Structures are given as C-alpha cells and as structure tokens.
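Peer 1: Fold the stuff below for me.
(one chain, ligands or ions: 1)
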Amino acid sequence: MDRLQIKKFNDPVLRKEAQVVEKVNEEVKKLASQMAEIMMENEGIGLAAPQVGVSKKLIVVTTNPEKGEFSALINPRIVKKSKQKIKKEEGCLSFPGIFLEIERSKEVEVEGINLDGERVNFTANDLLACVFQHETDHTNGILFFHRLSFWGKIMFKIRHFSIKF
Ligand code: ZN
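Peer 2: As a prediction, the model looks like this:
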C-alpha cells in the first residue's frame, strides 16, 4: 500500500458517508496503525479513515500523546449526548490553519467495535467527548464547520468562500 496522505479542503471523500466495516481483519488493523502514525506525526488528537482517503467507518483517537498511545474504534456511534454543552476551539488535519469555536455535548456515550472485534461502549468527557464527536462526524461526512451556529456558518462561508461547505 502506498503511504497514506491526508485529504484536505474540498476533497469529496470528506463529504460523503463512509462504509460500515463488516469484518475486523488484518487490512483494517494495518489501516488503523497507519492512521495512528499519521495522526501522531501531525500532532493530531484524532483522525478518521476518510481523512486519509479511505471511505470506511474507522477512527483513531490519541489517549496518551507522550507514550504514543491511541485507541481505534470501528463503526463508531454516539448513542447518548448530554444536554450540557462545552465550547472549545477545534482544528482539523484536513483543514490546516483553520480553528473554530464549536459547541458540543460535554459528555457522550460512544459505541463501536475495537480492533479485537469486540463490541465496546464507554463514556467520554470534555476534550475526549469533543474528539469522539468530531471524528464520528467525519465517518458520516459531517465536518466541524457544519456544527457552527447559524451566524457562525455565515461568517465561515464569507471568510472561507473557496471551501465547499
Ligand atoms: Zn477533523
């Protein structure tokens, strides 16, 4: 496999719903470790497969940046969201140089399959909750600027008119 590259800005792969992963095989495991490598090289805290041009529901999230630890989640789903929100500045490796204040749920329940093929379900809070929401959105073709407020979207479209919304 050629070295994977980060897909950026107007690449259509970023805007379509990715395919469900049917089987956790060696190919999926290899893809997850390559994604983790790219994420860490670029000092990202999360990366979704469509961002490297692979339209599959697979995400990696950094759990311990110092130790290079990450966790991979297949077919991720946010099954519960807290009413309580937090606002944080988010970046995205597919949109270098753009940082946006995005409001998301402070606590989420996440469901999916791990690299051992087991069904997992856990709660994420604060920053990690935002990362799981951001990356799960990617697997559905939803980008961080789609989560801006009404006026935020208008401002974004004016400022970044060359980016396909
Ligand atoms: Zn992103």
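Peer 1: Every contact and neighbour count from this point should use C-alpha atoms.
Peer 2: Noted.
Peer 1: Let's verify the residue nearest to Phe144 when sequence neighbours are not counted: helix, strand, or coil?
Peer 2: Distances taken as C-alpha to C-alpha, 6 or more residues apart in numbering put His134 closest to Phe144, at 6.5 Å, once the chain neighbours are dropped. Classification of His134 by DSSP: H, G, I helix; E, B strand; the rest coil places it in helix.
Peer 1: quick one: Gly117 and Val21 touch, right?
Peer 2: No - in this structure, Gly117 is not within contact of Val21 by C-alpha atoms under 8 Å, at 10.7 Å.
Peer 1: okay, now the residue nearest to Phe144: neighbour count?
Peer 2: The tally of other residues near His134 (other C-alpha atoms under 10 Å) stands at 23.
Peer 1: Find me the pLDDT at it, would you?
Peer 2: His134 is assigned a pLDDT of 98 by the prediction.
Peer 1: The chain: strands as residue ranges?
Peer 2: Remark: strands assigned in the chain by DSSP state E are 46-48, 58-64, 69-81, 85-90, 100-105, 107-113, 119-125.
Peer 1: Would you mind measuring from the residue most central in space within the chain to Gln51?
Peer 2: Centrality entry for the chain: nearest residue to the mean C-alpha point is Glu135, 1.7 Å, by C-alpha atoms, centre = their mean. Distance, Glu135 to Gln51, by C-alpha to C-alpha, to the nearest Å: 10 Å.
Peer 1: Report the mean confidence score over the longest helix anywhere in the chain.
Peer 2: Assignment by DSSP state H gives helix 26-41 as the longest helix of the chain. Across helix 26-41, pLDDT averages out at 96.
Peer 1: again, but for stretch 51-69
Peer 2: Averaging pLDDT along stretch 51-69 yields 92.
Peer 1: Counting neighbours, which bits of that stretch end up buried?
Peer 2: Gln51, Val52, Gly53, Val54, Ser55, Lys56, Lys57, Leu58, Ile59, Val60, Val61, Thr62 (16 or more other C-alpha atoms under 10 Å).
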